[in-house]
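Colleague: kindly return the folded structure for what I paste below:
(chains A and B)
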2 protein chains.
Amino acid sequence: MPIDTMRFVKELPLIECCTPIAGPALSSDDAAELERLFKALADRHRLQILNCLLQAGEESVCVCDFEAMLGVKQPTVSHHLKQLVEAGLLDREKRGTYAFYRLRPGMLERVGGLLAEPAIATA
Amino acid sequence: MPIDTMRFVKELPLIECCTPIAGPALSSDDAAELERLFKALADRHRLQILNCLLQAGEESVCVCDFEAMLGVKQPTVSHHLKQLVEAGLLDREKRGTYAFYRLRPGMLERVGGLLAEPAIATA
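Modeller: The predicted model follows:
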């Protein structure tokens, strides 16, 4: 995918249309969408990236910092970041040579909310 | 694994020792443990099983009901149920010929809590 189109990826309403698993019925389509979301989380490197961004709060973090933190090569870092952006969890911004990433505000809580039990979800 | 030892699987302190990803530092070991947990969730059939058990509340559901609901064969259902039990999300109970499953109370909320941002996690 050309880098320019990455800007549009973040507009996909992926999480917005997810049905919480506590909802009255989880269709095959809803389940497939949630599967994609949890797959984005189910990787140790991506979890460490998210942890780092949670520490950074509203600050953006440079792609080069993740490389040092994770001890993996740049293409691997880029692969993981792309998956998190496509899942709607991160926003990406190009500044000169480097790409910077930050958590999309509130998205992790929303994912956490998908797991709430009915009594809590409707409280 | 013999069926008898399945009773002990549920005692594994898997989630109890997970560090929330919003914590001050996510070690490689913590990240690997969270990866296993989210991998257990990242499957459409397992999400539909959890959805069904959320509807059932504190009731146990027979393995045979999942087979009808998911439209897959018994070995596939058993595979998914085993993964959810091993992740600490379900409890399993044998009643005569059939195994019955129920959500371990509060576990999904705890997983959701692992995703909370620091300000919320410490509130």
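
Colleague: show me what contacts the most centrally placed residue in chain A?
Modeller: When C-alpha atoms, centre = their mean is applied to chain A, the residue found nearest the centroid is residue A:89 (2.4 Å). Applying C-beta atoms under 8 Å, 6 or more residues apart in numbering or on different chains, we find residue A:89 in contact with A:40, A:41, A:50, A:103, A:104, A:107, A:108, A:111. Backbone N, C-alpha and C define where each C-beta goes, glycine included.

Colleague: let's see that with 7 Å instead.
Modeller: A:40, A:103, A:104, A:107, A:108 (C-beta atoms under 7 Å, 6 or more residues apart in numbering or on different chains).

Colleague: which stretches of chain A have low pLDDT?
Modeller: Applying pLDDT under 70 to chain A flags residues A:1-24, A:116-123.

Colleague: now for the helix or strand in which residue A:99 is found, which elements pack on it?
Modeller: Using DSSP states H and E, residue A:99 maps to strand A:98-103. Counting contacts by 3 or more C-beta pairs under 7 Å, 6 or more residues apart in numbering or on different chains; DSSP states H and E, strand A:98-103 packs against helix A:44-56, strand A:61-62, helix A:63-70, strand A:90-95.

Colleague: want to throw the ones you listed into CSV with mean neighbour count and distance to chain B?
Modeller: Output for the helices and strands packed on strand A:98-103, formatted as CSV (neighbours: other C-beta atoms under 10 Å in any protein chain shown; distance: least, C-beta to the nearest C-beta, whole Å):
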stretch, mean neighbour count, distance to chain B
helix A:44-56, 22, 4
strand A:61-62, 17, 14
helix A:63-70, 16, 9
strand A:90-95, 16, 14
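
Colleague: looking at the ones you listed, spot the one closest to residue B:35.
Modeller: Judged by C-beta to C-beta, the one of the helices and strands packed on strand A:98-103 that comes nearest to residue B:35 is helix A:44-56, at 4.5 Å.
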